[in-house]
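Novice: just coords:
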Ligand SMILES: [Zn+2]
C-alpha cells in the first residue's frame with residue numbers, strides 16, 4: 001500500500017523534524033473548492049500545513065507559517081515544488097498548501113495511491129503509480145533494451161548517411177505506435193545527432 005507521493009513524503013519528513021508541532025494533512029480525494037478540477041490531495045501529492053487549525057488567521061499563527069513558507073521557498077528545486085499557496089488567496093490565510101512535480105493527472109484512483117493513478121512529469125511524459133514509486137528517470141520512456149535498439153538503429157542510419165529529418169520522423173513513428181504524446185521530448189544521445197549533422201555539412 002502506498003501513501004503520499006515520494007516528493008510529498010520527503011518534504012513532510014523534513015518539516016516534521018524542523019518545525020515541532022506542525023500539523024500536516026495529506027490525502028483527501030476531492031475537487032478544488034469552487035472548481036471542477038481535482039485537488040492534488042487526491043493523488044495524494046499535496047500537503048496542507050498549519051499549527052493550530054487550518055483557519056487560524058491570528059498574527060502569531062501567520063508568523064509561524066511565514067517561517068515554514070520561507071523554508072520551502074528557499075528549497076523549491078530541492079523539493080520539486082510545483083505550487084506553494086500561502087496568503088495568495090482567501091482560501092490560504094490559515095494554512096499553507098504545497099504540491100509537487102510530477103503532478104497527479106487525469107482522474108485520481110478511487111483508492112489512495114492506487115495503481116491506476118497517473119502523473120505528469122516536468123518533461124511532459126505521463127508515468128504510472130509504480131514508475132513514480134520506483135523513482136524511474138522521468139525521461140526514460142524506453143526500457144534499456146529499447147534504448148539499445150534505438151542506438152543500433154541510429155548507428156545504422158548514420159552509416160547510411162540519412163538525414164536528421166528522417167530520424168525525427170522515425171521517432172515520431174515509434175512514439176505514435178506506442179501511443180505516446182508526439183510533442184514530448186525524447187532522451188536521445190545527442191552525440192549521435194551531432195555526427196549526423198556534421199556529415200551533412202561536409
Ligand atoms: Zn491543500
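Specialist: Sure, I can see it. Since this is a predicted model, take the numbers as computed values, not measurements. Residues are numbered from 1 along each chain as shown.
Novice: for the residue nearest to the spatial centre of the chain, what are its contacts?
Specialist: Against the mean C-alpha coordinate of the chain, by C-alpha atoms, centre = their mean, the closest residue is residue 102 at 1.0 Å. Taking C-beta atoms under 8 Å, 6 or more residues apart in numbering as the criterion, residue 102 is in contact with 5, 7, 119, 120, 121, 122, 127, 132, 138. C-beta coordinates here come from the backbone N, C-alpha and C atoms, glycine included.
Novice: From the ion, how far out is it?
Specialist: Using C-beta to the ion, to the nearest Å, we find residue 102 at a distance of 17 Å from the ion.
Novice: Equivalent analysis for residue 21, please.
Specialist: Residue 21 is 19 Å from the ion, by C-beta to the ion.
Novice: Contacts only, for the residue in the chain that the ion sits nearest to.
Specialist: Of all residues in the chain, residue 97 sits closest to the ion, at 3.4 Å by C-beta to the ion. Residues counted as contacts of residue 97 (C-beta under 8 Å, 6+ apart) are 46, 47, 48, 49, 83, 84, 85, 86.
Novice: that older thread, next, give phi and psi for the residue nearest to the centre of the chain.
Specialist: Torsion angles at residue 102 (phi, psi; degrees, to the nearest 10) stand at phi -70, psi 150.
Novice: Then residue 61?
Specialist: phi -70, psi -40.
Novice: Give me the nearest residue to it, chain neighbours excluded.
Specialist: residue 52 (5.6 Å; C-beta to C-beta, 6 or more residues apart in numbering).
Novice: Need the phi and psi values for the one you found.
Specialist: Torsion angles, degrees, to the nearest 10, at residue 52: phi -120, psi -80.
Novice: In ChimeraX, select just the buried ones from the contacts of residue 102.
Specialist: The ChimeraX command for the buried members of the contacts of residue 102 (criterion: 16 or more other C-beta atoms under 10 Å) is given here:
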select :5,7,119,120,121,127,132,138
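Novice: Also near the ion: which of the contacts of residue 102, exactly?
Specialist: Taking C-beta under 5 Å from the ion as the test, the ion is in contact with none of the contacts of residue 102.
Novice: domain assignment for the protein?
Specialist: Split into domains by automatic domain parsing, the chain comes to 6-137, 144-201.
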